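>>> Can you look at this prediction? I've put the sequence above it.
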Amino acid sequence: MSGTSGSSDLIVAIRHLSRERSRLDDRASGLPDAEQAEAARYIRRDDRDRFLLGRLLLRETIASATSRAAADFTLARDGNGRPFTPDVPEIDINLSHSGDCVAAVVGRGLSVGIDVELHRSGIDIAAIGRQVFTPHERAHILAAGSGSVAAFFRQWTLKEALVKALGRGFLDDPRRIEIRHETGGVFTPVFVGEGPDDLGSGWTLRLLDCGDDHAGALAFRPRLGSA
């Protein structure tokens, strides 16, 4: 799937590198010099091209949300490496890429997080799961049987999108938060760790259609302190 969707307050865009590569260099020539220089530091072409497509997509999505030109704002990173727009403080932005897929989200008055992951075979999902998921989440993945790899990456993207929306990424123990699957495709995040609950409430989590070989998820809620 490739496309852009959302409302005036939330816009999600998904692109596939294999469909964009033929015209990527021409389009990327319009990026700021600093972003082109950062792209040039990548050794592998795929890594460079994912970076370029990500920056183009993020700028295009911000432009759509703000009715400004795609070159008419600054992209920066905070102390956790999270992108933000210092000259458009009313929006929150996030970006993810893996394999052939690049995804961006822009939220006005929202805290947002997005994650995409290529389904990678040959990894030890049980060993990784013990480091990342709660027993309840691991049981859900195991129950998928032959679909456990896809279930693993769906659960991973749901959790990572949420912690990215919190502004931290996987900097804390991700097992402090549990994503529960309810009826009707509803996902409920629950704080199950020790210490103060820094998850809060009001979250919406959604799976994204990123194609057969990728998983994707989106997390958002009204930004704390916003009207």
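Received, thanks. Numbers count the residues shown, from 1 in each chain.
>>> where do the helices sit along this protein?
17-20, 24-28, 33-40, 45-66, 125-132, 135-142, 148-165 (DSSP state H).
>>> Using a markdown table, please lay out these together with mean pLDDT, mean neighbour count and distance to residue 119.
For every residue, glycine as well, the C-beta is placed using N, CA and C. Listed next are the helices of the chain as a markdown table, based on pLDDT from 0 to 100; neighbours: other C-beta atoms under 10 Å; distance: least, C-beta to C-beta, whole Å:
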| stretch | mean pLDDT | mean neighbour count | distance to residue 119 |
| --- | --- | --- | --- |
| helix 17-20 | 96 | 14 | 16 |
| helix 24-28 | 96 | 13 | 24 |
| helix 33-40 | 96 | 13 | 26 |
| helix 45-66 | 96 | 19 | 17 |
| helix 125-132 | 95 | 14 | 11 |
| helix 135-142 | 96 | 17 | 13 |
| helix 148-165 | 96 | 23 | 6 |
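>>> just how off-centre is stretch 9-18 within its chain?
The chain centre lies 10 Å from the centre of stretch 9-18; the measure is C-alpha atoms, centre = their mean, to the nearest Å.
>>> Report the buried residues of that stretch.
10, 11, 12, 13, 14, 15, 16, 17 (16 or more other C-beta atoms under 10 Å).
>>> what does that stretch contact?
Residues outside stretch 9-18 that contact it (C-beta atoms under 8 Å, 6 or more residues apart in numbering) are 1-6, 24, 46, 49-50, 53, 57, 60-61, 64-65, 100-110, 112, 114, 116, 208-211, 216, 218, 220.
>>> then that stretch to PDB, C-alphas only?
Extracted C-alpha coordinates of stretch 9-18, given in PDB (Å, rounded to 0.1, in the frame of the first residue of the first chain):
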ATOM      1  CA  ASP A   9      -5.500  17.100  12.500                       C
ATOM      2  CA  LEU A  10      -3.800  13.800  11.600                       C
ATOM      3  CA  ILE A  11      -2.200  12.900   8.300                       C
ATOM      4  CA  VAL A  12      -0.400   9.600   7.700                       C
ATOM      5  CA  ALA A  13       1.600   8.900   4.500                       C
ATOM      6  CA  ILE A  14       3.100   5.600   3.300                       C
ATOM      7  CA  ARG A  15       5.500   5.100   0.400                       C
ATOM      8  CA  HIS A  16       7.500   2.200  -1.000                       C
ATOM      9  CA  LEU A  17      11.100   2.800  -2.000                       C
ATOM     10  CA  SER A  18      10.900   0.400  -5.000                       C
END
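>>> Just list the residues touching residue 91, thanks.
With C-beta under 8 Å, 6+ apart, residue 91 has these contacts: 62, 65, 66, 85, 106, 107, 108.
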